[in-house]
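**Q** Test case, fold it:
(one chain, ligands or ions: 1)
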Amino acid sequence: MKILANDGISKSGIDALEKVGFEVITVKVAQSQLESYINEHTIDAILVRNTTQVRQELIEACPSLKLIGCNGVDLDNIDVEYAEDNGLHVVNTPQASSSAVAELVFSHLFGMVRFLHSSNREMPLEGDSRFKELKKAYSEGIELRGKTLGIVGFGRIGQEVAKIAIGLGMHILAIDDQIKSAVITLDFFNGQKTTFTIDTVDKEKLLKEADFITLHVPEQDGYIIAKKEFEKMKDGVGIINTARGGILHEVDLVSAIESGKVQFAGLDVFETEPSPAVQLLMNPEISLTPHIGGATKEAQDRIGTELAGQIIKLLS
Ligand SMILES: NC(=O)c1ccc[n+]([C@@H]2O[C@H](COP(=O)([O-])OP(=O)(O)OC[C@H]3O[C@@H](n4cnc5c(N)ncnc54)[C@H](O)[C@@H]3O)[C@@H](O)[C@H]2O)c1
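**A** The predicted structure is shown next:
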């Protein structure tokens, strides 16, 4: 059986598949060439990230395909219903990157409260000539311990975020339109475990009381945070979006930063990816990453191994 890992797969995933006799091809075939490549090489399964599209026309034109695998949470780039109606398996790894995304939330948060996003831009330019001025400018940092973190969307990633926040001594206010309560288990290095039950609250309370707000919902019909929501937040709030572009109104965010309502923001995802708005990129109050939430070596390993396991179960 031949697997085309068009957007790559971890070595652990390749090893697991090759061990049971699958051939894994890791060339990157351009979208326009995919149909002919799959047919020419009689590919049995295609693995993609969110860049390669696997639409109805491709599935229809490639009868050798038996499985589509996606290494992520969302399957927006795959016509899942059509594939499944036509007898293909569609598999993904929704859990594998949750802790990686949660850690990135805190990378932004820790950085923002001590102005690292700005200091890392200024120090190379003026660290030698204006050291004392920069020291003064970045001296009024704040600590996360004791602050209240608002978690919007209390699913897999939201709950991973809660684990880290609890460990840091933060208070949590979570909202979710499905989940009323969640049991969070903290696992420690020595095998000890502690559990916490977190009841979700209403959106008004979260907006009013949170010192920082982090977004973990899937794609929405409209914005989940825009002008109306910013107006209800505490002055000087921090906002993090590692979920997806289009749920946070970027123009309203910039206005809220300019008015002082929002003190800082951390963005990993953007409405106009892969060309984020220059007003965001150049904004000194925004900590920026290029959609790398799930992109740790460990998460990629987990994704590869989990995908391989599912493929072996379904196709061998
Ligand atoms: N930055 C990255 O690289 C990266 C990586 C992985 C996932 N993500 C994104 O993270 C997001 C969350 O992923 P997850 O695995 O936690 O998903 P999940 O499905 O486990 O959790 C999402 C939660 O949001 C809730 N929700 C949906 N709409 C809501 C609303 N309007 N108000 C309140 N709650 C709402 C759902 O009930 C659910 O519990 C997704 O958008 C995903 O695309 C980003």
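**Q** make it CA atoms for all contacts and neighbour counts henceforth
**A** Will do.
**Q** Contact residues of the stretch 1-150 of the chain facing the ligand?
**A** Counting by CA under 6 Å from any ligand atom, the stretch 1-150 of the chain comes close to the ligand at 73, 74, 94, 97, 101.
**Q** repeat that for 8 Å
**A** Within reach of the ligand by CA under 8 Å from any ligand atom, the stretch 1-150 of the chain has these residues: 72, 73, 74, 94, 95, 97, 98, 100, 101.
**Q** Make CSV from these and add neighbour count to it.
**A** Shown next, in CSV, are these (neighbours: other CA atoms under 10 Å):
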residue, neighbour count
72, 21
73, 18
74, 15
94, 16
95, 15
97, 24
98, 21
100, 21
101, 26
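**Q** Identify the farthest-apart pair in the residues you listed.
**A** 74 and 100 (15.7 Å; CA to CA).
**Q** any idea which helix or strand comes after the helix or strand hosting residue 35?
**A** According to DSSP states H and E, residue 35 maps onto helix 34-40. Next helix or strand after helix 34-40 toward the C-terminus (DSSP H and E): strand 45-48.
**Q** Residue 236: how many residues sit nearby?
**A** 16 (other CA atoms under 10 Å).
**Q** same thing with residue 204?
**A** For residue 204, using other CA under 10 Å, the count is 12.
**Q** Check the offset of the helix holding residue 35 from the chain's centre.
**A** Put simply, helix 34-40 sits 31 Å off its chain's centre (CA atoms, centre = their mean, to the nearest Å).
**Q** Using CSV, write down the CA coordinates of it.
**A** Only the C-alpha atoms of helix 34-40 are listed here, as CSV (Å, rounded to 0.1, in the frame of the first residue of the first chain):
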residue,chain,number,x,y,z
LEU,A,34,-2.1,15.8,-7.4
GLU,A,35,-4.7,14.0,-9.5
SER,A,36,-2.3,12.7,-12.0
TYR,A,37,0.3,11.8,-9.4
ILE,A,38,-2.2,9.8,-7.3
ASN,A,39,-3.4,7.9,-10.3
GLU,A,40,0.0,7.3,-11.8
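**Q** Packing partners of that helix?
**A** helix 56-61 (3 or more CA pairs under 8 Å, 6 or more residues apart in numbering; DSSP states H and E).
**Q** Tell me the strands beside the helix or strand following the helix it packs on, with direction?
**A** Using DSSP H and E, the helix or strand that follows helix 56-61 in sequence is strand 67-70. According to DSSP bridges, strand 67-70 forms sheet pairs with strand 45-48 (parallel), strand 89-92 (parallel).
**Q** I would like the residues contacting the host helix or strand of residue 254, please.
**A** Taking DSSP H and E as the definition, residue 254 sits inside helix 250-259. By CA atoms under 8 Å, 6 or more residues apart in numbering, the residues outside helix 250-259 that reach it are 226, 227, 230, 262, 263, 264, 271, 279, 280, 285.
**Q** residues near the third one, how many?
**A** This points to residue 230. For residue 230, using other CA under 10 Å, the count is 22.
**Q** Could you pull up the residues touching residue 55?
**A** Counting by CA under 8 Å, 6+ apart, residue 55 has contacts 77, 78, 79.
**Q** list the buried ones in the helix holding residue 35?
**A** 34, 35, 38 (16 or more other CA atoms under 10 Å).
**Q** swap in stretch 82-99?
**A** Buried, per 16+ other CA under 10 Å, within stretch 82-99: 83, 88, 89, 90, 91, 92, 93, 94, 96, 97, 98, 99.
**Q** hang on, isn't the first one packed against residue 69?
**A** No: taking contacts as CA atoms under 8 Å, residue 83 lies outside contact range of residue 69: 11.4 Å.
**Q** shared neighbours, the two?
**A** residue 90.
**Q** Straight-line length of stretch 163-180, end to end?
**A** 17 Å (CA to CA, to the nearest Å).
**Q** Equivalent analysis for stretch 43-50, please.
**A** First-to-last residue span, stretch 43-50, CA to CA: 19 Å.
**Q** do the same with stretch 212-223
**A** Using CA to CA, the two ends of stretch 212-223 sit 18 Å apart.
**Q** buried set for it?
**A** Quick answer for stretch 212-223 (16+ other CA under 10 Å): 212, 213, 214, 215, 216, 217.
**Q** circling back to that earlier point, mind giving me JSON lines with the strands paired with strand 67-70 and columns for distance to residue 9 and mean pLDDT?
**A** Converted to JSON lines, these look like this (distance: least, CA to CA, whole Å; pLDDT from 0 to 100):
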{"stretch": "strand 45-48", "distance to residue 9": "8", "mean pLDDT": "96"}
{"stretch": "strand 89-92", "distance to residue 9": "13", "mean pLDDT": "96"}
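**Q** For residue 275, find the nearest of these.
**A** Ranking the strands paired with strand 67-70 by proximity to residue 275 (CA to CA) places strand 45-48 first, at 21.4 Å.
**Q** can you give me how far that closest one is from the chain middle?
**A** For strand 45-48, the distance to the chain centre is 21 Å (CA atoms, centre = their mean).
**Q** same check, this time on stretch 205-217
**A** For stretch 205-217, the distance to the chain centre is 17 Å (CA atoms, centre = their mean).
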